[in-house]
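Asker: structure for the following, please:
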Amino acid sequence: MEKLIIDDHQFLEKLSLTHVEAIYKAIDQNRKFLRRWLPFVDFTYKVIDTERFVRSILEKATARRDEVFVIWYNFEFAGLIGFKDIDRINDKIEIGYWLIEKLTGKGIATAATRKMVNLAFRNMEMNRVQIRCGVGNDKSSAIPRRLGFHFEGIERNGERHNHSYIDLEVFSLLKNEWAETLF
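Answerer: Numbering: from 1, shown residues only. Next comes the predicted model:
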């Protein structure tokens, strides 16, 4: 199992079927909090729903597979973070993340995102990292802002959510900008 150490309190662990119960329990216990910004919550009512999600990632061909990690904080499940829409032709990638409510506001998602940004630029040789956040999800959009990402604009109706669409703020960081910062 691949682990990425962030600090003495936090690490990332590559997603596996052993995480299904912890993920489902976190979603179920944080349903109201997560539902506002995460459309999958309304399709996750049984453990098997989470298992299907995990399998859908793990069973894809390696070249097309999203890279998803469990965020652990003091050995407690905190949330998920991952690379999605990996574009190796254009050397760009998107990071998505979510945390359970009681662990927000502690810098956990920022530290995990920083680790993923470093992985994208150092190990995967990406040129661009993108993060999209629902307009109004200020806690989420604070993360790319804090990490020096540039706000590019609004993707109108960028995500389907509860029978309608929400606009997304789009942020990006380029490799040359990352190299100039203290990541």
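
Asker: only C-alpha atoms from now on, for both contacts and neighbour counts.
Answerer: Fine.

Asker: the residue nearest to Val41 when sequence neighbours are not counted: neighbouring residues, count only.
Answerer: Closest residue in space to Val41, ignoring its immediate chain neighbours: Arg35 at 5.5 Å, by Cα to Cα, 6 or more residues apart in numbering. Here the number of neighbours of Arg35 (other Cα atoms under 10 Å) works out to 15.

Asker: any idea how far Glu180 is from Arg35?
Answerer: Distance from Arg35 to Glu180, counting by Cα to Cα, to the nearest Å: 37 Å.

Asker: cool, and Gly105?
Answerer: To Glu180, Gly105 is 27 Å away according to Cα to Cα.

Asker: what about those two, which has more around it?
Answerer: More neighbours surround Gly105 than the other of Gly105 and Glu180, with 11 against 8 (other Cα under 10 Å).

Asker: quick one, phi/psi of Asn157?
Answerer: Phi and psi for Asn157, reported as degrees, to the nearest 10, are phi 50, psi 40.

Asker: repeat for the one 3 residues further on
Answerer: The phi and psi torsions at Arg160 (degrees, to the nearest 10) take the values phi -80, psi 130.

Asker: how much space is there between Thr72 and Asn30?
Answerer: Slight slip there: residue 72 is Trp, not Thr. 16 Å.

Asker: who's more crowded, these two?
Answerer: Taking other Cα under 10 Å, Trp72 and Asn30 do not tie; Trp72 has more neighbours (20 against 16).
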